[in-house]
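K.L.:
Can you look at this prediction? I've put the sequence above it.
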Amino acid sequence: ITFRDSSKYAISYHWYFDGADGGTDKDPSPHIYGDPGYYKVTLAIKGVNDCVDTISKIIHIKGPIAKLNIGPTKGCVPYTFHIGVGGTNIKSYAWDFGDGTPVLPSTDSAVNHVYLNSGKYLPNAILTSPEGCIVTLKSKDTVIVDELHTNFVTSPYEWCDSATVQFTDKSVTAPFSSIIKTQWIFGDGSSTTGPLTGPHIYKFPGTYSVSLIASSKYGCVDTVTKQDSIHVWVSPHISIMGDSLICLTPGSILKYTSVVNSADSIHTYKWSIDDVLVSTDQHLVLNLRSRGYHELKLEVANSHLCSSTIKRLIFIDSVKANFSINALHFCGSGTVQLKNETVSATPIDKTVWDLGNGVSFKALDTAYTYTVPGTYFIKLTASTINGCSDSVTTVQPVEVYTLPQSSIAGDTLQCHPGIISFKSSVNTTDSIDVYHWYLDNNPLPDSTKELSTYFNAGNHLLKLIVKTHNGCLDTVAKNVVVHSMKADFTVLT
């Protein structure tokens, strides 16, 4: 509004606009009234001889007279914002929320508006008086609508026995905002506040739900919970049943049994010898003939691919007992020469000879004399330095036969030359196959138990040799005296 001085006899001026100093110009600069209402304008003048005078007038600015009332200016989407107007001389209202929604006339003096998007907004109330004057009331404070979406990721989410999990915070806010506080709840009874400085360690198997709580600069709070997001499974507990020392025989094979304790089903079995896969069966049956030390390894994985590995050192040894013997048959007594011909993968530590008569020897080779007739099976047991042993027994026994004891029955003194008969007598456990008679070391044709042959006069040596079925011999001899007696006489006359 422009004001012009119309005073008389004034030499100085002082203007006041609603109590505020308006300057000392005769005609002040136009004064701007931003809002409708009643305003007081005062002009004070001074004339000659210091005469003064003052005049005040009330200026009426037409239009709605109102005050803007707004709710809290900070919120989180979706944010319900309250705005209202209190005043007079208002016919209609229109609300401009600054977010692009349509500005439409309304008769409501107070409304709620939902901000669906984050941003900074300056809402206005557009008022119209009955006389058609329009006044816009602008909010002095900017409405800040923040947005916070809490999220995190982790990979992998399945572990075995324990877990070292790296969590990555993927939470986002509005571009003009920021996250000022976070709290992690790991589901294992532990939590931490603030940005993570490293991975979180789960020491024990289990299923864990993880939560992240975040707060933004403008007071938004959001929580995300990922149920059962971390799985720490139990690996199988395994052991191997079977011998660490294998003694090879012609039909021997390796047999090992896997002993598995697992809460989950088993997915794979892997048996390896010296890091070479040899079987995927639950138990190992293998014909391995390679002598020496070997590393046996078993790896078992369950349905979650959690695996356990166990290793064992095994040794494959071999020994084959054998020996040679100089003779198997003896008459009366006999000495056997026993030669050890055992072969083995490792040195022989001990050999034991069982001679079949309660007598045993510990020696590499040996000799023994049997003095008692009988049947004897000789057994050799040989052991390596690793404890592998093997035994062999003679297929045919050593047999010591009883010697026959023979005698000749018959007169050994004869008075006249002629045919003389003798009869043999033999004490034996075996049958007699051969009788050989000798007279004065000359063989006789008779080969039976009895002898009848002609003896000349003189001293003779009669000898008998008998041979049993098993080849055992006995010799007996007798001296036979044959006189040459002849009766005769002479007649004397």
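P.N.:
Perfect, thanks for sending it.

K.L.:
For the chain, give me the ranges with low pLDDT.
P.N.:
Of all residues in the chain, none has pLDDT under 70.

K.L.:
Over to the residue nearest the centre of the chain: give its phi and psi.
P.N.:
Geometric centre of the chain, nearest residue: Ser308, 1.5 Å, by CA atoms, centre = their mean. Backbone geometry at Ser308, expressed as degrees, to the nearest 10, gives phi -130, psi 150.

K.L.:
which residues sit against stretch 196-210?
P.N.:
Contact with stretch 196-210 is made by 152, 154, 159, 161-167, 169, 184-188, 190, 225-234, as judged by CB atoms under 8 Å, 6 or more residues apart in numbering. For glycine as for every other residue, the C-beta is placed from the backbone atoms N, C-alpha and C.

K.L.:
Distance check, Gln396 against Tyr115.
P.N.:
112 Å (CB to CB, to the nearest Å).

K.L.:
So for those two, which sits in the more crowded spot?
P.N.:
Counted by other CB atoms under 10 Å, Gln396 and Tyr115 do not tie: Tyr115 has more neighbours, with 23 against 10.

K.L.:
Who is the more buried one paired with across the strands?
P.N.:
Tyr79 (DSSP bridges).

K.L.:
what's near enough to touch it?
P.N.:
With CB under 8 Å, 6+ apart, Tyr115 has these contacts: Gly75, Val77, Pro78, Tyr79, Phe81, Phe97, Asp99, Tyr121, Val143, Val145.

K.L.:
who's in contact with the closest residue to Cys160 other than its chain neighbours?
P.N.:
Nearest residue to Cys160 in three dimensions, chain neighbours excluded: Cys306, at 3.6 Å (CB to CB, 6 or more residues apart in numbering). Going by CB under 8 Å, 6+ apart, Cys306 touches Cys160, Asp161, Trp233, Val234, Ser235, Pro236, Asp264.

K.L.:
hmm, try it at 6 Å
P.N.:
Counting by CB atoms under 6 Å, 6 or more residues apart in numbering, Cys306 touches Cys160, Trp233, Ser235.

K.L.:
Neighbour-wise, which one of those residues leads?
P.N.:
Busiest of the contacts of Cys306 [other CB under 10 Å] is Trp233, holding 21 neighbours.

K.L.:
okay but it is in contact with Leu305, surely?
P.N.:
No: between Trp233 and Leu305 there is no contact under CB atoms under 6 Å: 8.7 Å.

K.L.:
coming back round to it: select only the buried ones of the contacts of Tyr115 in ChimeraX?
P.N.:
Here is the ChimeraX selection string for the buried members of the contacts of Tyr115, based on 16 or more other CB atoms under 10 Å:
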select :75,77,79,81,97,99,121,143,145
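
K.L.:
Go through the contacts of Tyr115 and name the one nearest Val221.
P.N.:
For the contacts of Tyr115, the residue nearest Val221 by CB to CB is Gly75; the value is 12.1 Å.

K.L.:
Report the secondary structure state of the closest one.
P.N.:
strand (DSSP: H, G, I helix; E, B strand; the rest coil).

K.L.:
Identify the residue nearest it in space, chain neighbours excluded?
P.N.:
Sequence neighbours aside, Val145 is the residue nearest to Gly75 in space, at 5.7 Å (criterion: CB to CB, 6+ apart).

K.L.:
Tell me if the one you found really is in a helix.
P.N.:
No: counting by three-state DSSP, Val145 is not found in a helix; it is strand.

K.L.:
Enumerate every residue touching it.
P.N.:
Gly75, Val77, Tyr79, Tyr115, Ser118, Gly119.

K.L.:
how near is the residue nearest to the last one when sequence neighbours are not counted to His304?
P.N.:
With CB to CB, 6+ apart as the criterion, Gly119 has its nearest non-adjacent residue at 5.7 Å, and that residue is Val145. Counting by CB to CB, the gap from Val145 to His304 is 46 Å.

K.L.:
can you check Leu148 too?
P.N.:
On the measure of CB to CB, Leu148 and His304 end up 36 Å apart.

K.L.:
Among those two, which residue is more densely surrounded?
P.N.:
More crowded of Leu148 and His304, by other CB under 10 Å: Leu148, with 23 against 18.

K.L.:
wait, that one sits on Ser216?
P.N.:
Yes: Leu148 lies in contact with Ser216 (CB under 6 Å); the separation is 4.5 Å.

K.L.:
Show me whatever sits in contact with both of the two.
P.N.:
Thr173.

K.L.:
For Asn112, give me its contacts.
P.N.:
Here Asn112 is in contact with Thr80, His82 (criterion: CB under 6 Å, 6+ apart).
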